[in-house]
Structure formats: C-alpha cells, structure tokens
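coords below, sequence missing:
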C-alpha cells in the first residue's frame, strides 16, 4: 500500500487497498463484509506511514479506540481481485470521538463502488470509558478534516 495519493482529491487522503481473490463471493464479487477491511487497510497504512504505532497503545495512546458505528452504502459491485482506492476524511472531530467519511473507488477513481461513515471513540485502557484525543494526534486529525466540517 502506498502513502502517495494515486489520484488528487480536494480534501482527505487517498490510499490504495488491495482486493484479494479469497475475499470474493461465489459470484466473483467482493463480499459485502470485506469493504470494511478495505477501509481498515487504508487507514492502517495512513497512520503507520506517519509514524503512529498502531500495535502499541503505550507508545501511541490514541490507537486505543473502538468503532462505534459503521455505515456502508453499496453502489457498484467490485468484480475480481486487484487494487482499489479508498478516499477518506473526517466529517467531524470531537473531544473523544471522530467521524470518518469514506469512498471505495475504482483504480482510476472514476467509479464509486461504496461510500459511508465510520465513527470511532478513543477509550481509556483502564476504564474503557471515552477519553480525549491527545495533543500528539490532534494536528493529524485536523489535516483530514473536510473543509466546512465540525471540529468540536
């Protein structure tokens, strides 16, 4: 996966994310549950590409977060394996949560296969209660904020 944007976008970031043959259903199309995996791969590549260690919340405390909501709207099936693009951004960033917007795109960016939103909440590892984002990650969160979006 590359951290260089394969297509230009006005806001957010675009990351390549592969569709593997074993993710296809009996009709040769990407199984609906695997769209979330495409998004996860793209987000992981983005954050690790910027030096954030997603494997250790001791070193990167903001990585201790959970998905509160995931909504996917499917537009055009993905047939076969190969690279896809995932365009993602923040629609809002709050004190303890953030809402991603995303689109899964064809390799040339011309076709939107799916789009949706993903809400995450940062948790305190000891209490499992919401806790504020750290000052370490806030500048990165701001970089992905869509113009005109809410920053709380």
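It's in. Note that the coordinates shown come from a computational prediction; the quantities given were computed from them, not determined experimentally. Numbers count the residues shown, from 1 in each chain.

Could you name the helices and strands sitting against the lengthiest helix in the chain?
Determined from DSSP state H, the single longest helix within the chain is helix 34-49. Contacts defined by 3 or more C-beta pairs under 8 Å, 6 or more residues apart in numbering; DSSP states H and E place helix 34-49 against strand 13-19, strand 65-74, strand 82-93, strand 97-105, strand 112-122. Where C-beta positions appear, they are placed from N, C-alpha and C, glycine not excepted.

Please identify which of those strands is closest to residue 148.
strand 82-93 (9.6 Å; C-beta to C-beta).

what comes up buried for the closest one?
84-93 (16 or more other C-beta atoms under 10 Å).

Now residue 142: which helix or strand?
helix 138-143 (DSSP states H and E).

hang on, the earlier thing: and the longest helix of the chain, which residues are buried?
Applying 16+ other C-beta under 10 Å to helix 34-49 flags 34-39, 41-43, 45-48 as buried.

ok, of those residues, which one's closest to residue 109?
Scanning those for proximity to residue 109, where the rule is C-beta to C-beta, the winner is residue 42, at 13.7 Å.

What sits closest to the residue nearest the centre of the chain if chain neighbours are left out?
A centroid search over the chain (C-alpha atoms, centre = their mean) returns residue 43, at 4.1 Å, as the residue closest to the centre. Nearest in space to residue 43, with sequence neighbours left out and distances taken as C-beta to C-beta, 6 or more residues apart in numbering, is residue 88 at 6.7 Å.

With residue 137 instead?
Closest to residue 137 by C-beta to C-beta, 6+ apart is residue 62, at 4.2 Å.
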